[in-house]
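K.L.:
Compute the structure for the input listed below.
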Amino acid sequence: PLQRKVVPAYIRPPQGGGMRVGLFATRTPHRPNPIGLSLARIDKVVKNKAELHLRGIDLIDDTPILDIKPFVPHVDTPPADSVKLAPWVVNPTFEAAPVLFTEEARAATLEICESGGSRWFKPGEGEDLLAAIEQIISLDPRGVIHGRGTFKDGSGEMPTKSHLVRDSFVLEFDALRIRFTPHPEDRAILIRGVERAASPVAAAGSNTADA
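P.N.:
Next up, the predicted model:
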């Protein structure tokens with residue numbers, strides 16, 4: 001028999017600052033029909049293997065690519081003054097969190113990249129990998145019930161169920177397992193450790209928090 005997937009009708013996107021909106025107004029992967037569109041860059045074409053390698057694509061590992069189309073600027077880029085963005089995208093109250101690395105976490109990230117341990121970044125692109133991690137963590141990927149948006153300096157609104165707030169989080173990105181916590185004093189997120197993910201195929205962006 002056909003099994004129906006139950007998905008939440010409302011989502012709190014990270015940039016929403018707690019704003020609750022309908023799932024079709026977000027880019028959550030938890031949707032009735034999980035087919036998405038993403039810009040991508042062609043990295044290389046291996047003709048003798050009929051392989052196309054893409055970079056910068058917004059999807060998680062093992063996601064099948066159903067189709068590829070060329071980018072046509074005059075069709076795919078509407079005039080800026082005609083675009084209406086979702087409220088959470090332009091939320092004036094949202095402020096990305098500063099991200100800090102411990103010396104050990106920074107060194108480990110560079111070493112993994114330099115030794116070929118990254119699937120998406122080549123040796124010599126360690127700084128780009130650090131920047132990608134910082135960009136993701138700055139959006140505060142903690143679950144709402146686990147303290148997203150709250151920090152040790154007292155900023156942010158504490159969730160109603162404060163006993164569910166956690167201090168330690170793990171996010172798997174690329175081939176890395178990233179451990180982070182709220183900064184012990186400031187409004188910032190501290191990346192305490194970076195190591196190779198235990199699984200050879202770790203979900204990009206999978207984490208211990210809810211969407």
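
K.L.:
shaky segments in this structure?
P.N.:
Within the chain, the stretches falling below the threshold (pLDDT under 70) are 1-4, 17, 61, 92-93, 156-165, 199-211.

K.L.:
residue boundaries of the helices in it?
P.N.:
For the chain, the helices defined by DSSP state H occupy 73-76, 103-114, 126-137.

K.L.:
Contacts only, for the closest residue to residue 197 other than its chain neighbours.
P.N.:
Computed as CB to CB, 6 or more residues apart in numbering, the closest residue to residue 197 that is not its neighbour in sequence is residue 177, at 4.6 Å. Every residue, glycine included, has its C-beta placed from N, CA and C. Residue 177 sits next to 170, 171, 194, 195, 196, 197, 198, 202 when contact means CB atoms under 8 Å, 6 or more residues apart in numbering.

K.L.:
Turn those into CSV, including distance to residue 99 and neighbour count.
P.N.:
Written out in CSV, the entries for the contacts of residue 177 read as follows (distance: CB to CB, whole Å; neighbours: other CB atoms under 10 Å):
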residue, distance to residue 99, neighbour count
170, 15, 14
171, 12, 23
194, 12, 25
195, 18, 15
196, 21, 16
197, 20, 18
198, 24, 8
202, 20, 20
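
K.L.:
What distance do you get for residue 119 to residue 172?
P.N.:
Relative to residue 172, residue 119 is positioned 12 Å away (criterion: CB to CB, to the nearest Å).

K.L.:
got it, and residue 100?
P.N.:
Distance check for residue 100 against residue 172: by CB to CB, it reads 20 Å.

K.L.:
So between those two, which is more surrounded?
P.N.:
For residue 100 against residue 172, the residue with the higher neighbour count under other CB atoms under 10 Å is residue 172, and the figures read 21 against 17.

K.L.:
what sits opposite the more buried one in the beta ladder?
P.N.:
Here residue 172 sits in beta bridges with residue 177, residue 206, going by DSSP bridges.

K.L.:
That one touches residue 178, doesn't it?
P.N.:
Yes: using CB atoms under 8 Å, residue 172 is in contact with residue 178, at 7.3 Å.

K.L.:
Mind jotting down where the strands sit in this protein?
P.N.:
10-11, 21-22, 41-46, 51-55, 99-101, 169-173, 176-182, 189-196, 206-207 (DSSP state E).

K.L.:
hang on, isn't residue 186 packed against residue 151?
P.N.:
Yes: between residue 186 and residue 151 there is a contact under CB under 8 Å: 7.2 Å.

K.L.:
Neighbour count: those two, which is higher?
P.N.:
residue 151 (18 against 15).

K.L.:
Quick one: neighbours of residue 38, just the number.
P.N.:
When counting by other CB under 10 Å, one arrives at 12 neighbours for residue 38.

K.L.:
Relative to residue 139, how far out is residue 148?
P.N.:
From residue 148 across to residue 139, the span is 9 Å (CB to CB).

K.L.:
ugh, wrong one, residue 26
P.N.:
As defined by CB to CB, residue 26 lies at a distance of 13 Å from residue 139.
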